[in-house]
Each structure stands twice: as C-alpha cells, then as structure tokens.
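# Provided below for reference: sequence and predicted model.
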Amino acid sequence: MIKRKTIPWQPLSQKHKNYIRNCMKSTFNFAEGAVRSGKTIANVLAFAFLLERSPDRLHLASGTTLSAALTNIGDCNGFGLEHIFRGRCRWGKYKGNTALFVKTVKTGEKVVVFAGGGKADSYKRIRGNSYGIWIATEVNKHFISKDDQCFIDEAFNRQLAAKMRRVLWDFNPDYPTHPIYTEYVDKYIALGLDVNHERFCIRDNLSISAERRAEIEAQYEVGSFWYRRSILGERAAAEGLIFPQFAAAPENWTVSSVPDDVSQIIIGVDYGGNSSASAFVAVGMRKKGNGVTVLADRRIKGRKGEITPDMIENEFILFVKSLYLKFDIPVTYAFMDSEAQYLTAGVVMAARKAGLKTAIADSLKKPIAERISIKARLISQHRWSVLKDCKNVIASTATQLWDPHDPDKRLDNGTCDIDTADAEEYAWERFIRW
C-alpha cells in the first residue's frame, strides 16, 4: 500500500470561497488584507485550479525576493504549490531561473518560473518569456516606477500573448496614495476593467483560534497605523511620532540592570553625514527570543570634514574596551555602516592592532521601514528595553517622527537623532525576524 500525505486544510470562509470562484473568470484578482488573513493561500489555491485548465505552458510566481516567492507561494507553510502538486511536480531550472515543473491532468506539463521583483533590475529576470498566469505575493513591495524598469509593467507585457491571462496579487494594506492603488488596483476598478478585488481581515481566517488571534493582535500597538493595516486590514498613512507608546512613558521600558538572559553584546555603528553625528550603540541579545536590551551608546559630534578617520577608530576602540570592562558578556560582533567602506577598513586595522576580539562586518541595512516595524513590535511586546544611562537611545526613540512628505519614511532633517537610531538597528537587524 502506498501511503500519501494529505494537506491539513481548514475550512475556508465564504469570502475566501467567493474570491477563489471569481478568480476563475476575472482577469485581475487582488487579495488585499491583514496579516494571517488567508489571502496568500486563497491566491495559491486559485492559481493551482487555473493551472490545471490553462492552455499556456509558462507561468510566473514572484515575491519581493526569490526567497519570498519560494517561501510564500512554493511552500506556503505546507499549503503551497509544491504540496498541492506533490507527486507530480519537481523543482528545476528554466533558462537560468528557478522553476517548478508541474504535470497537470488535462493540459500537460506546466512551468512556473519563480522570481524576485523588489529591485530596480529585477525585471531583467523575466524578460524574453511569455507567461499565462502571474501570481505575486506582497506585490506592493515589488519595484514600481514610471520607466521601463518597472517590474509590474514588465510582467504585464510578458502576458500579452497569453491564451488565458490571469493576474493574482496579494498584499497588505499600505498608505492610501501608494502607487499600487493609484496606478493599478483603484485605477483599474475606476476604469471598469475585469477586476476581482477583495479585502480580508484576520477574522476571515477560520483556521485561527480566538487565543491565537489575540496573541497576534497583541504584537501591535492598538490604534497605531501598523494595527490598522496589519490587524484591521485598513489602508492607513504613517504620521506623527513613530513610537508614541514609548514616548508617552519611557520609564516602562527603561531598566537599571542587565537582564540575566543576555548572552552576547553586538555593536552597531553609523558614520553620520553632512550635518549629523557618528554613533555607536551596543545591544544585549537575550536568549530564547526574549528580545534585546540596549546597554550603551555614544555619539561623536561634528560636521562632515570635522570628524577624521582617526577619531572614528580611536572612539570605536575606546567604546569596545569600555564594554569589555563594564560587562562580563562577550562582545561578539560590530556591524558598521556599509556606506563608508574606507572608514570600516581603517577601523578593522586599528581594532587588530589594539587586540580587540570582536568580529567586524558591514551592516545588513534592511529597509528602514522594516527596521522600524520590527522595533515597534518589540516595544509593543515589551521585548525591547534600554539601560537608564543610554540617554541618546532614549531620546532618539521618544522623538523619531514620520516624514509628512514621504509616506512610511523616517524624518531625517536634523529634527531628531537618526544616527543613533540607525546604529541601534544595525546591531540587531540580522538577529530579529520581521
């Protein structure tokens, strides 16, 4: 007897069922909604159904990165394409691209090309092919522009010869004037195109228990724009203070001693710019995902040209040695601002001469909005704390503002200390998940 593993499907809401049915006949299918609302699974299911009946052989699956596409569409926590077509699909390469080869029952072999769409040159990976169905996850994070580098426009162009053209997008709500709305979703609806658009919230996902839903909701500050977008599934603009919860009562996150479960110290360094300071921040990483505690900070004031490489090197060595003396915890890494390689090269040489044991590398430099979102969650969950002596970090966290002229961007005009913020984020960005 051959034993086959089955997918543990949970009941779909009527809203999900209606959306999937409409995908069978609508050209443009947009699933917009909160986190864990089931929108991605709905699109993956619709894509699988359409693949069985499509006369086209080549199809496209995209995410912000190739890894995101493979994770969210290919695997999808056990509900993705490789699981739906288990036993009749295989991974391979198609013209240099990662692809899933699927044997359908009625229409023969299909090739699903996987690609990342978040960079300015991502469009190059999908040129030269003609696609039938295009499924995209987190499409609002794909590269959008008004020139021929726009990934979305290039993907549309690749579908012009499709015999059965279908577009299936999922995305979390964004700020109301995001180009995903003004150039595509809302625009297409206003033009009367063949659009199937549905908004989902976390309560539409019947597989999530009330207890689990409460746990997810607790990760977000009630009333914040993150809560409105990620939990309520609403479009919302970021404005005012970035961390209002902390700004209202910094003492709730300020501690007098280092938590017992801090296992290592990591340093982040930002070199500053024309009118900003260079900053060092040391954070303690806590065990078992308990978060981070900021342990020390330092700023070197001075305009561009006033701060020399020697000053940076000497101040860095003094900062690291002070950590060695103050804390009986290994200082494992220092992640430096990757924008100034010549400064980092000097720091590395000086650190070697000084006998420092701390490994030095470039910062990962995740998108600022992503770093801010991570810190907001840590604060909301009380997994972020700061020693009371870290005046720079406390002041920076309490005063950071959203840029009123650039949605989802941090105001960087000298109003508040962004250098310290960057340095802190460089320290933990590699170790704290989105």
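Received, thanks. As the structure is a computational prediction, the values presented were derived from the model and not from experiment.

# if I pick the nearest residue to residue 197 once chain neighbours are set aside, what's in contact with it?
Sequence neighbours aside, residue 30 is the residue nearest to residue 197 in space, at 4.5 Å (criterion: CB to CB, 6 or more residues apart in numbering). For the C-beta atoms, the positions are set from N, CA and C on the backbone; glycine is no exception. When contacts are counted by CB atoms under 8 Å, 6 or more residues apart in numbering, residue 30 touches 169, 170, 171, 185, 195, 196, 197, 198.

# Which secondary structure state is assigned to the first one?
Yep, that's residue 169 we're talking about. Under DSSP: H, G, I helix; E, B strand; the rest coil, the three-state class of residue 169 is strand.

# Now it: closest residue in space, sequence neighbours ignored.
Using CB to CB, 6+ apart and skipping residues adjacent in sequence, the residue nearest residue 169 is residue 139, 4.3 Å away.

# would residue 42 count as being in a helix?
Yes. The assignment for residue 42 by three-state DSSP puts it in a helix.

# Run a quick neighbour tally on it.
Counted by other CB atoms under 10 Å, the residues lying close to residue 42 total 28.

# For residue 22, see how far away it is.
11 Å (CB to CB, to the nearest Å).

# how is the protein carved up into domains?
Domain assignment for the chain by automatic domain parsing gives 14-208, 244-428.

# for the first one, what is the average pLDDT?
If I follow you right, that is domain 14-208. For domain 14-208, the mean per-residue pLDDT is 96.

# got it, and the last one?
Looking at domain 244-428 alone, the average pLDDT works out to 92.

# From the chain's centroid, how far away is it?
20 Å (CA atoms, centre = their mean, to the nearest Å).

# quick one: terminal-to-terminal distance for it?
21 Å (CA to CA, to the nearest Å).

# Ok, the first one next?
The distance separating the two terminal residues of domain 14-208, taken as CA to CA, comes to 15 Å.

# Who are the contact partners of residue 250?
394, 397, 398.

# Please report how far it lies from residue 429.
From residue 250 to residue 429 the distance is 22 Å (CB to CB).

# and what of residue 315?
22 Å.

# So residue 221 sits against residue 245, correct?
Yes. Between residue 221 and residue 245 there is a contact at 4.9 Å, judged by CB atoms under 8 Å.

# shared neighbours of those two, which are they?
By CB under 8 Å, 6+ apart, the residues touching both residue 221 and residue 245 are 379, 380.

# hey, where'd the helices end up in the stretch 101-250 of the chain?
Secondary structure of the stretch 101-250 of the chain (DSSP state H, counting those that start in this stretch): helices located at 151-157, 179, 186-190, 210-217, 225-230, 244-248.

# among the ones you listed, which is nearest residue 6?
Among the helices of the stretch 101-250 of the chain, helix 210-217 comes nearest to residue 6, with 22.5 Å by CB to CB.

# Give me the buried positions along that closest one.
The neighbour-count check on helix 210-217 (16 or more other CB atoms under 10 Å) flags residue 217 as buried.

# what does that helix contact?
35, 36, 202, 203, 208, 227, 231.

# What about the residues you listed, which one has the most neighbours?
residue 231 (23 neighbours).

# what two of the contacts of helix 210-217 are the furthest from one another?
Within the contacts of helix 210-217, 208 and 227 form the most distant pair, 16.7 Å apart (CB to CB).

# So the most centrally placed residue in the chain: helix, strand or coil?
Against the mean C-alpha coordinate of the chain, by CA atoms, centre = their mean, the closest residue is residue 370 at 5.2 Å. When classified by three-state DSSP, residue 370 comes out as helix.

# what's the spacing between it and residue 120?
Taken as CB to CB, the span from residue 370 to residue 120 is 18 Å.

# Please apply the same query to residue 329.
Separation of residue 329 from residue 120 (CB to CB): 41 Å.

# neighbour-wise, which of the two wins?
A side-by-side neighbour count of residue 329 and residue 120, using other CB under 10 Å, places residue 329 first with 17 against 12.

# Got phi/psi on that one?
For residue 329, the backbone dihedrals are phi -140, psi 130 (criterion: degrees, to the nearest 10).

# Now do the contacts for it.
Residue 329 touches 258, 262, 263, 264, 265, 284, counting by CB under 8 Å, 6+ apart.

# Look at the nearest residue to the fourth one once chain neighbours are set aside and give its secondary structure.
So that's residue 264. Leaving aside its sequence neighbours, residue 264 sits nearest to residue 332 (CB to CB, 6+ apart; 4.6 Å). Using three-state DSSP, the structure places residue 332 in strand.

# Which PyMOL command selects the buried ones in the contacts of residue 329?
In PyMOL, this line selects whichever of those come out buried by 16+ other CB under 10 Å:
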select buried, resi 258+262+265+284
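
# Using a markdown table, lay out the contacts of residue 329 together with distance to residue 241 and secondary structure.
As requested, these are exported to a markdown table (distance: CB to CB, whole Å; DSSP: H, G, I helix; E, B strand; the rest coil):
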| residue | distance to residue 241 | secondary structure |
| --- | --- | --- |
| 258 | 28 | coil |
| 262 | 28 | strand |
| 263 | 32 | strand |
| 264 | 31 | strand |
| 265 | 29 | strand |
| 284 | 26 | strand |
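
# Among the contacts of residue 329, find me the one that's closest to residue 424.
Distance to residue 424, by CB to CB, is smallest for residue 284 among those, at 11.9 Å.

# Would you agree residue 279 falls within a strand?
Yes. Under three-state DSSP, residue 279 falls within a strand.

# Provide a list of residues in contact with it.
The contact partners of residue 279, by CB under 8 Å, 6+ apart, come to 269-270, 272, 297-300, 392, 417, 419-420, 422-423.

# which parts of stretch 74-90 are buried?
Buried positions in stretch 74-90, judged by neighbour count with 16+ other CB under 10 Å: 74, 76, 79, 80, 81, 82, 83, 84, 85, 89.

# sorry, back to before: identify the bridge partners of the residue nearest to residue 197.
residue 169, residue 197 (DSSP bridges).

# what about it, distance to residue 169?
When residue 30 is compared with residue 169 (using CB to CB), they lie 5 Å apart.

# Please apply the same query to residue 197.
Distance from residue 197 to residue 169, by CB to CB: 10 Å.

# and these two? which has more neighbours close in?
Using other CB under 10 Å as the criterion, residue 197 and residue 169 rank with residue 169 on top: 25 against 17.

# right, and the more buried one touches residue 33 too?
No. If you go by CB under 8 Å, residue 169 and residue 33 don't touch, sitting 11.5 Å apart.
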